[in-house]
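J.: Generate a structure from the sequence data that follows.
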Amino acid sequence: MITPLLAILALVGSASTTSAEETRSENAHAHGHSLLNIAFDGNKVAMELEAPGMDIVGFEHPATSPEDRAKVAAAIADLEQPMRLFVMDKAARCTMIEAKAALEEEDHDDHDDHEEKNDHGDEEDKDHKEHEKAEHDDGDEKDEAGHTEFHANYLFKCDNPGAMTGIDFVFFQSFPNAQEIDIQMISDSGTSGFEVERDEPRLEFPDLK
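T.: Numbers count the residues shown, from 1 in each chain. Model (predicted):
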């Protein structure tokens, strides 16, 4: 059963993910930019993080070598320690209830197979696809093998949520390639959007109730 808090977070995540996909399709993955959805409901706080592989482990190709797999495993272990990444005010007395992190890979071969199945034999479409393929072949071979993205979900309980005035993003210290986090936040005050950058790694919300 999905709690109201997580249902709200899912709706916020759906909207922000759609926007992020549009942005990334234009920019061929926004390296340095992660997404964080935050939902407050009573004494519960839920978070959903999406971060490009480049931000977290320094590459976006699938991890096939032992070295790359070790980096991914270490990154997931770090992402599953959110209290060290997103530091809330001590006065709020927050504790972690749940934390899950995983790596998701987008295989370009699957995308190509889908295009082939939708090819109705039109020569102009075929020429267009061959032209697009030639353009992609000019890019980095490892990048063309697929893209990776880390997803993490967190749930916290705060005994005194009214004392929370912000979050310190130690996240940037743990992941040197990360430069900015786009945030969608929902609380009793409504829905708000923020940006937190490496140079100013704190999100302030003094009016949060």
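J.: Can you name the next helix or strand after the helix or strand of the chain with the lowest mean pLDDT?
T.: Across the helices and strands of the chain, mean pLDDT, DSSP states H and E gives its lowest value to helix 141-144, namely a mean of 44. As assigned by DSSP states H and E, the chain's next helix or strand after helix 141-144 is strand 146-158.
J.: Show me which residues of the very next helix or strand once past that following strand are buried.
T.: Scanning forward in sequence from strand 146-158 by DSSP H and E, the next helix or strand is strand 166-169. If you call a residue buried by 16 or more other CB atoms under 10 Å, then strand 166-169 has these buried ones: 167, 169. Bear in mind the C-beta positions are built from the backbone N, C-alpha and C, glycine included.
J.: How is Met96 classified with respect to secondary structure?
T.: What DSSP: H, G, I helix; E, B strand; the rest coil gives for Met96 is strand.
J.: That one pairs with what?
T.: Note on Met96: beta-bridge partners Phe156, judged by DSSP bridges.
J.: do the one 5 residues further on as well
T.: With DSSP bridges applied, Ala101 shows beta-bridge pairing to Ala152.
J.: so Pro52 makes contact with Glu149?
T.: Yes: with contact defined as CB atoms under 8 Å, Pro52 and Glu149 form a contacting pair (5.8 Å).
J.: show me where pLDDT drops low in this structure?
T.: 1-31, 106-146, 206-209 (pLDDT under 70).
J.: where along it do the helices fall?
T.: 4-27, 53-57, 66-79, 82-85, 108-117, 123-137, 141-144, 171-174 (DSSP state H).
J.: what bridges to the residue nearest to Glu50 when sequence neighbours are not counted?
T.: Spatially, and ignoring its direct neighbours in sequence, Glu50 is nearest to Leu35 (4.4 Å; CB to CB, 6 or more residues apart in numbering). Counting by DSSP bridges, Leu35 is bridged to Glu50, Asp182.
J.: Leu35: neighbour count?
T.: Residues lying near Leu35 (other CB atoms under 10 Å) number 22.
J.: go on, the one 4 residues further on?
T.: As a burial measure, Ala39 scores 25 neighbours (other CB under 10 Å).
J.: is it in a bridge, and if so with what?
T.: Going by DSSP bridges, Ala39 forms beta bridges with Ala46, Ile186.
J.: circling back to that earlier point, any idea how far the residue nearest to Glu50 is from Ala73?
T.: Leu35 is 23 Å from Ala73, where distance means CB to CB, to the nearest Å.
J.: Leu103 too?
T.: Distance, Leu103 to Ala73, using CB to CB: 9 Å.
J.: which one of these two has more residues nearby?
T.: Leu103 (19 against 13).
J.: Settle this for me: the more buried one is touching His147, isn't it.
T.: No: between Leu103 and His147 there is no contact under CB under 8 Å: 11.0 Å.
J.: list the residues that contact both of the two?
T.: Shared contacts of Leu103 and His147 (CB atoms under 8 Å, 6 or more residues apart in numbering): Gly53.
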